[in-house]
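1. The amino acid sequence is not available; the structure is as follows:
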């Protein structure tokens with residue numbers, strides 16, 4: 001039986017309040033700590049050519065776990081609070097991970 005395919009959601013957002021966004025993300029990390037099915041990794045990137053533009057890459061063990069996480073009330077509350085810190089509405093891209101390599 002094939003293992004579930006890892007899943008990544010990319011959140012494209014703009015904010016002038018990145019420190020508040022970091023605090024909100026850390027608060028969400030604490031809320032989700034100990035819950036199964038949540039994100040396994042988060043990577044936040046800042047656009048060098050547009051310092052107010054960011055990408056958050058959120059990894060899940062599977063699409064199903066990501067959708068289950070999206071249905072949680074805590075996630076909806078986080079999304080509302082995140083949007084309030086943005087200068088434009090965030091956009092979301094859902095991706096299946098086809099290949100991943102870790103280099104040492």
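-> It's in. Computed from a prediction, not measured in an experiment: that's the story for all the values here.
2. residue ranges for the strands of this structure, please.
-> Counting by DSSP state E, the chain has strands at residues 7-14, 41-46, 53-60, 91-96.
3. need those strands in a markdown table with mean neighbour count, can you?
-> (Each C-beta comes from the backbone N, C-alpha and C, glycine too.) Listed next are the strands of the chain as a markdown table, based on neighbours: other Cβ atoms under 10 Å:
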| stretch | mean neighbour count |
| --- | --- |
| strand 7-14 | 18 |
| strand 41-46 | 12 |
| strand 53-60 | 18 |
| strand 91-96 | 11 |
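4. Output those strands in TSV, with distance to residue 85 and mean pLDDT appended to each entry.
-> Output for these, formatted as TSV (distance: least, Cβ to Cβ, whole Å; pLDDT from 0 to 100):
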stretch	distance to residue 85	mean pLDDT
strand 7-14	8	98
strand 41-46	13	94
strand 53-60	11	96
strand 91-96	15	96
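5. Tell me which of those strands approaches residue 22 most closely.
-> For residue 22, the closest of the strands of the chain is strand 41-46, at 8.0 Å, according to Cβ to Cβ.
6. The lengthiest helix in the chain to strand 7-14, inter-axis angle?
-> For the chain, the longest helix by residue count, based on DSSP state H, is helix 18-32. Taking axes from the mean of the first three to the mean of the last three Cα atoms, to 10 degrees, one finds that helix 18-32 is oriented at 150 degrees with respect to strand 7-14.
7. Check the offset of helix 18-32 from the chain's centre.
-> 11 Å (Cα atoms, centre = their mean, to the nearest Å).
8. residues making contact with that helix?
-> 15, 38-39, 42, 44, 46, 54, 74, 78, 81-82, 85 (Cβ atoms under 8 Å, 6 or more residues apart in numbering).
9. picking up where we left off before, looking at the strands of the chain, spot the one closest to residue 69.
-> Here strand 53-60 is closest among the strands of the chain (Cβ to Cβ), at 6.9 Å.
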